[in-house]
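Novice: I'll drop the sequence and a predicted model, then ask my questions.
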Amino acid sequence: MSGIKDKVAIIGMGCTKFGERFDKSAEDLMLDCFLEALEDSGIEKKDIDAAWMGCSVDETSLGKSAIILNSTLRMPYTPVTRTENYCATGTEAFRGACYAVASGAYDVALALGVEKLKDVGFGGLPPGQMGTVRRLLGPNSTAPGEFAQMANTYFAKYGIDPDEGKRILAHISVKSHHNGTLSPKAHLRKEITIEDVLKAPMIASPLGLFDCCGVSDGAACAIITTAEKAKKLRKDPIYVKALQISATSGEDLMYNTWDGAHVESTYRAGIRAYKEAEITDPRKEISMMEVHDCFSITELTAYEDLQTSPRGRAREDIESGFYDLDGQIPCQPDGGLKCFGHPTGASGLRMIYEIYKQLQGKAGERQIKNPKLGITHNMGGIPCYNLAAVTILGTK
Amino acid sequence: MIGIKSFGAYIPRYRMNRKVIAQAIGWFSPVGGKGERAVANFDEDAITMAVAAGMDCLGDLDNSHIDALYLASTTLPYKERQNAGIVSAALALKDDVHTADVTSSVKSGTAALIAAFNAVKAQNAQEAMVAATDMRLGKPASPEESAFGDGAAAFLVSDKDVVASFEGSYSLSYDFVDIRRDEKDRFGKTWEPRWVRDEGYFKMIPEVISGLLKKYNLDIKDFSKVIYPCPNSRDAAAMAKKLGMDPSQITDDLQTVVGNTGSAYALMMFVNALQEAKPGDKILVASFGNGCDALYFQVTDKIKQLKHIKGVKGYLNIRADLTNYIQYLVFRDILPVETGIRGEHVPPTQLSQTWRLRDTIMGLYGCKCQKCGTPQYPVSRVCVNPDCEAVDQMELYRFANRKGTVISYTSDNLAFTPNPPQSYCIIDFEGGGRNQFDFTDCNPSQLSVGMSVTMTFRRKYYDANRSIYFYYWKAVPAVEA
C-alpha cells in the first residue's frame, strides 16, 4: 500500500462567497467557483477528463445525480459522479478526483462541492437526513443538540464546571470570529467577545448561538492533476500528502466503550493520515489546520483527536492562544465553519481552498508565515455515529 | 382460586391545580373546584397510559401465560387498528393472545375485568390481562374539564397465586343517556347534573350493590371497603348513607388528586384500596356508566408479597405542577400554535418498514449475541462488538424493563416539540447495550451524566397525512416506588 502522498496536486481552486445567497441559485454558485478555479489553473475546460460532485442535503433539489454538474458547466458527456457522506461530502468529492488521477485513469479531474441550504425556509439543517430507520428509532434531535451532548459529557469527564466549560468554548468562537473579519468571502464577519458568547440565546444546552456555525449557501472546487503535470502547469501547485477517512461501525452508538467525550473516527483518521504523510509529531510539524468546527465543542475535541493537544488538555492551548492566527498552529484562519459558513457539501473543499491559498502565500490579511503543511478535518454525522475525513496538503 | 395475581396503575406526571383552570377561564364560567387533576403529557394517550399501568402490574413477572388482553377505554385513538394490539405489542405479550378493545362506556373497565375472570374461569385463558385507561377531554370552561383526570389501571387475572380472589359480580344495563360522544365529537355532551344524579347513579349504584348482596347473600357491613365512583365527588357521603355504610368503608375517590378517570376510575380506586388492604379484607367495586357493574373480592395473604408495584400511591408522588392552562390547551391540540416550518416537517411513515421493525419499535427488543454475550440495540445481524462480529447468532433481548445510565444528554431549543425544550440522551443499559433516546417527563435543569433512567412507551410523532400515531420508547428519570 503506497498511499496517495505526492502522487497528485491541486492546480486550481475556486470558492464563492458563502452566506445567505438569496440572490444566487445552486447552479450559479457552482459556475462561479468553477470559473475562478479554471482561471487559477490556466487550463481549459476541455482539459478536464472527469468530475466528482458533492452535495448532501435532499432539499438542495439538484437531483440525486451529478448530471447537473455537466449541464450547468456544459461539459458534454464528461464522466461525472455524485458523492454524499453527510457534512464530509466535499472531501469525498476531492478524494474521488484525487484517486482517479492517481490511478492513471485520468490526467485532470475536477472536484466540486455545493449546497444551497438557505432555500429550506428555516434555521439549522433540515431534519431527517440520516435515513428512515433513524427517523423512527433516533431521538427528535438536531445537529446542535447532538454535539451539545458531547460538550456535557466532556465537562463531566474532566470535572469542568459547566459555566467554566462554556467560557473555554467561547474562546474558540471569539478566535474564529476574529479570523472571519479578515476573510472577505466569509459568511459572518463580525468581532465578538466572550461575554457575547455567554449571553447568546441557548440553542441546545450548553451550546448557545455563538457556539454554532453558520448555515450557508456556497460552492467550492478544485482541479487536480498528477504531480508531474502540475509542476509543468504552475510554479506553486499544492501536493496531496494524505487522504484518509474513518467511519464508525456503530460501536460508538451501540457498544459500551466510547466515552462520549471525543470523536473516535477523527482520532483514527488522523493516525492513518499522519502515517500516510509521514508525520511523526503533528504538534510540531503541522503549520495550520482547518477543522470541522460545526460547533465549538467539535473544534475542541478535534484538537485532541488530531493529537495537536494532549487528551483532556485542549483547554490549556485554547486559553494560551496556541490556535490563534498568530499562534503556533493557527486553526480556522479563514473563520472556519463557524464564520466562513457551512454549506454542507462545499465545506470540505472550502477547507482545502484555505489551506491551498495559505500554502501559496495568497491569503491576504490573514496570511500565516511560511506554512509548509496544512491539515483539513471534515466530519460527517454526529458524535455517536459519524465519519471523519482528514486531508494533509503541502508545498513540496 | 380465580382472582387478581397482580395489579398496577399509572398517573401522568403533570397535575393541574383546578385554581389554574379557574384563573384562566373562570371569568367565563364558574369552573375549577378543589385540588388538582392529572394531565397527560403531550406524548401520552389512552394507549401509552395503559402500557405504563401494564408495566407497573407486570414488573418482572412471567408474561408467557397471558392468553388474553382486554383494553378498556372511551378515548382510544383508533377506530380501526386495534388499540389492544398496540398495548399487547408494547407489553411484549405473545403473538397467540386474544385481544379486544372494550369501549364506549365508562363502565368498560369493570366490564373488561368481568370478561377476564370469565375467560380464566372457563379455562379459555390461563391468565388474562386487563388495562383500563382514559383521558377524556372536557370542553374548555365545562365542569368536566375540571372534574376529569387522566390515568390507567391494570390487572393480571389468574387462577393461582392471587392477591385478591374474585368472588362474583352483578351487572345492570340501562340506556341511560347522560354523557355521550358520537363519531364526530371531541368533547362529551351531557344533561342536567341533578337529573343524572337523582335518576341515574343515586338509583343505579344502590340497585347494583343490593343486587350483588342479594345474589351472594351478603350484607354491606361485610365489606372493609366499598368503591363506587360518583361523577360528582360531593355525592359520595350521601351515597354511603343511602347504602347504609359506615364512614370507614368509604374509599378515597381521588377527585382532589387525580380526577375522574372514566373507564379507569373505579379500578384506580380499587388499586388504591388494594395497596392498603390486609389479608381477609372484602372489597366491593362498583362502576357507573349506562348501567352498572359490581364486583366482589377477598384479599389473600399473598398481598404482602407484591412489592414491585408503584400503583396509585407511588404515582401520586411522581408529579410536576402544570401551572399554565394555555400549555394544557396546546398539549391537547385545542389551541393551534405556530410550529414553524421545522415543526411541519413530518416525513411519510413507511408501514411496510415499521411492520418489519415491529419487535424493535413496539417491544423495545434488541438482541444478544450468543457468541460473545453482548446485548445490543436495535436488532442487528452482525455483532457490534469489534472483537466478535459474529453473523446471525443473535437472540431477541428486551430492553423495555431495563434501567439505564445517562452518558450524555442535552436540552434542545431548535428541535420542534409541543413541550420544549426537547431533551434527549445516550444511555447505557444495565447489563449492556447502548443507544440514543428522547427524554420525556423530565426537568431539563436536573439532567446529568450518570443519572438513572427507565423506559416509557409514548407517542413519538403524529403523521396526520397517514393517520399514524407513531409509538416508541423514551427515557424518563428513574424514580423509586
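Specialist: Received it, and whenever you're ready, just let me know what you need. Residues are numbered from 1 along each chain as shown, chains lettered A, B, ... in the order given.

Novice: buried sites along the lengthiest helix in chain A?
Specialist: Under DSSP state H, the helix in chain A containing the largest number of residues is helix A:162-181. For helix A:162-181, burial by neighbour count (16 or more other CB atoms under 10 Å in any protein chain shown) applies to A:165-181. Where you see a C-beta, it was placed from the backbone N, CA and C, and this is true even at glycine.

Novice: have a look at chain A and report the helix or strand with the lowest mean pLDDT.
Specialist: Among the helical and strand segments of chain A, the one scoring lowest on mean pLDDT, DSSP states H and E is helix A:132-137, with a mean of 93.

Novice: do it and chain B meet at all?
Specialist: Yes. Part of helix A:132-137 sits near chain B under the criterion CB under 8 Å from any CB of the partner chain, namely A:Thr132, A:Val133, A:Arg135, A:Leu136, A:Leu137.

Novice: now the residue of the stretch 151-300 of chain B at minimum distance from chain A: how far from B:Asp45?
Specialist: Residue nearest to chain A within the stretch 151-300 of chain B (CB to the nearest CB): B:Ala152, separated by 24.6 Å. B:Ala152 is 10 Å from B:Asp45, where distance means CB to CB, to the nearest Å.

Novice: who's more crowded, those two?
Specialist: Higher neighbour count among B:Ala152 and B:Asp45: B:Ala152, with 38 against 22, using other CB atoms under 10 Å in any protein chain shown.

Novice: which residues touch A:Cys384?
Specialist: By CB atoms under 8 Å, 6 or more residues apart in numbering or on different chains, the contact set of A:Cys384 is A:Glu146, A:Gln149, A:Asp252, A:Leu253, A:Trp258, A:Gly260, B:Ser408, B:Ile426, B:Gln436.

Novice: what about residue 380, which SS state?
Specialist: Answering for chain A, as no chain was given. Secondary structure state of A:Gly380, per DSSP: H, G, I helix; E, B strand; the rest coil, is strand.

Novice: right idea, wrong chain: chain B
Specialist: coil.

Novice: check A:Ala186 too.
Specialist: Classification of A:Ala186 by three-state DSSP places it in coil.

Novice: next up, phi/psi of it, please.
Specialist: Torsion angles at A:Ala186 (phi, psi; degrees, to the nearest 10) stand at phi -70, psi 150.

Novice: assign B:Ser169 to helix, strand or coil.
Specialist: strand.

Novice: just checking: what are the partner strands of the helix or strand hosting the residue of the stretch 151-300 of chain B closest to chain A?
Specialist: According to DSSP states H and E, B:Ala152 maps onto strand B:151-158. Counting by DSSP bridges, the strands paired with strand B:151-158 are strand B:3-10 (antiparallel), strand B:127-134 (antiparallel).

Novice: buried deepest among these, which one?
Specialist: Greatest average neighbour count among those goes to strand B:127-134 (a mean of 31), per mean count of other CB atoms under 10 Å in any protein chain shown.

Novice: in the stretch 201-350 of chain A, which residue sits closest to chain B?
Specialist: Closest point on the stretch 201-350 of chain A to chain B, by CB to the nearest CB, is A:Ala204, at 4.0 Å.

Novice: thought that residue was touching B:Asn413?
Specialist: Yes. Assessed by CB atoms under 8 Å, A:Ala204 is found in contact with B:Asn413 at 6.5 Å.

Novice: what's around B:Arg37, how many residues?
Specialist: 30.

Novice: mind exporting stretch A:97-113 as CSV, just the C-alpha atoms?
Specialist: Output of stretch A:97-113 as CSV, limited to C-alpha atoms (Å, rounded to 0.1, in the frame of the first residue of the first chain):
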residue,chain,number,x,y,z
ALA,A,97,-10.9,13.1,-8.1
CYS,A,98,-7.5,12.5,-6.5
TYR,A,99,-7.7,8.7,-6.6
ALA,A,100,-8.9,8.8,-10.2
VAL,A,101,-5.9,10.8,-11.2
ALA,A,102,-3.5,8.8,-9.0
SER,A,103,-4.8,5.6,-10.6
GLY,A,104,-3.7,6.8,-14.0
ALA,A,105,-7.2,6.6,-15.4
TYR,A,106,-7.4,10.4,-15.9
ASP,A,107,-4.9,13.3,-16.2
VAL,A,108,-7.1,16.0,-14.9
ALA,A,109,-10.1,15.8,-12.7
LEU,A,110,-12.5,18.3,-11.1
ALA,A,111,-13.9,18.0,-7.5
LEU,A,112,-16.8,20.4,-6.8
GLY,A,113,-18.9,20.7,-3.6
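
Novice: now, of the residues of helix A:132-137 next to chain B, which are buried?
Specialist: Looks like the residues of helix A:132-137 next to chain B have A:Arg135, A:Leu136, A:Leu137 buried, using 16+ other CB under 10 Å.

Novice: export those to JSON lines and tack on distance to B:Val177?
Specialist: Listed next are those as JSON lines, based on distance: CB to CB, whole Å:
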{"residue": "A:Arg135", "distance to B:Val177": "45"}
{"residue": "A:Leu136", "distance to B:Val177": "43"}
{"residue": "A:Leu137", "distance to B:Val177": "46"}
